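Engineer: My questions are about this predicted structure, shown below with the sequence.
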Amino acid sequence: MNVRGGAAVLKFYYRLVHWRRRIARAAGWRTGGRGPRRGRGRSFGREFVHRARPLLVFGVLVAIAVALSAMFAWAQGPWV
């Protein structure tokens with residue numbers, strides 16, 4: 001499949017919009033005018049954890065990577 005010019009830009013634009021909507025939905029931000037929200041009445045804490053889970057998982061993975069990098073740098077010493 002050979003995509004050229006404007007079609008390539010359009011394809012990447014739609015991918016960007018798709019991921020922006022997924023992140024906004026996970027974070028609980030409103031992305032469109034679909035009327036008032038009617039939920040099941042969940043508690044705020046459970047709802048927050050449910051919506052923030054992707055961000056929390058990402059933060060944990062970044063923290064693990066930074067900790068491992070610091071441990072390897074410390075083990076190699078300043079002479080490398």
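Structural biologist: Cool, got the structure.
Engineer: For the rest of this, base every contact and every neighbour count on C-alpha atoms.
Structural biologist: Fine.
Engineer: in this protein, which segments are predicted with low confidence?
Structural biologist: 1-5, 30-44, 79-80 (pLDDT under 70).
Engineer: Break it down into its structural domains.
Structural biologist: 1-31, 43-80 (automatic domain parsing).
Engineer: Now tabulate those domains in JSON lines and tack on mean neighbour count.
Structural biologist: Shown next, in JSON lines, are the domains of the chain (neighbours: other CA atoms under 10 Å):
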{"stretch": "domain 1-31", "mean neighbour count": "11"}
{"stretch": "domain 43-80", "mean neighbour count": "11"}
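Engineer: all helices of the chain, in order?
Structural biologist: 6-27, 44-76 (DSSP state H).
Engineer: so the shortest one versus helix 44-76, what angle?
Structural biologist: In other words, helix 6-27. Taking axes from the mean of the first three to the mean of the last three CA atoms, to 10 degrees, one finds helix 6-27 and helix 44-76 inclined to each other by 110 degrees.
Engineer: Can you tell me which helices and strands helix 6-27 packs against?
Structural biologist: Packing contacts for helix 6-27, counted by 3 or more CA pairs under 8 Å, 6 or more residues apart in numbering; DSSP states H and E, involve helix 44-76.
Engineer: do the longest one as well
Structural biologist: Contact partners of helix 44-76 among helices and strands, from 3+ CA pairs under 8 Å, 6+ apart: helix 6-27.
Engineer: Run the chain-centre distance for the helix it packs on.
Structural biologist: Relative to the mean C-alpha coordinate of its chain, helix 6-27 is positioned 13 Å out (CA atoms, centre = their mean, to the nearest Å).
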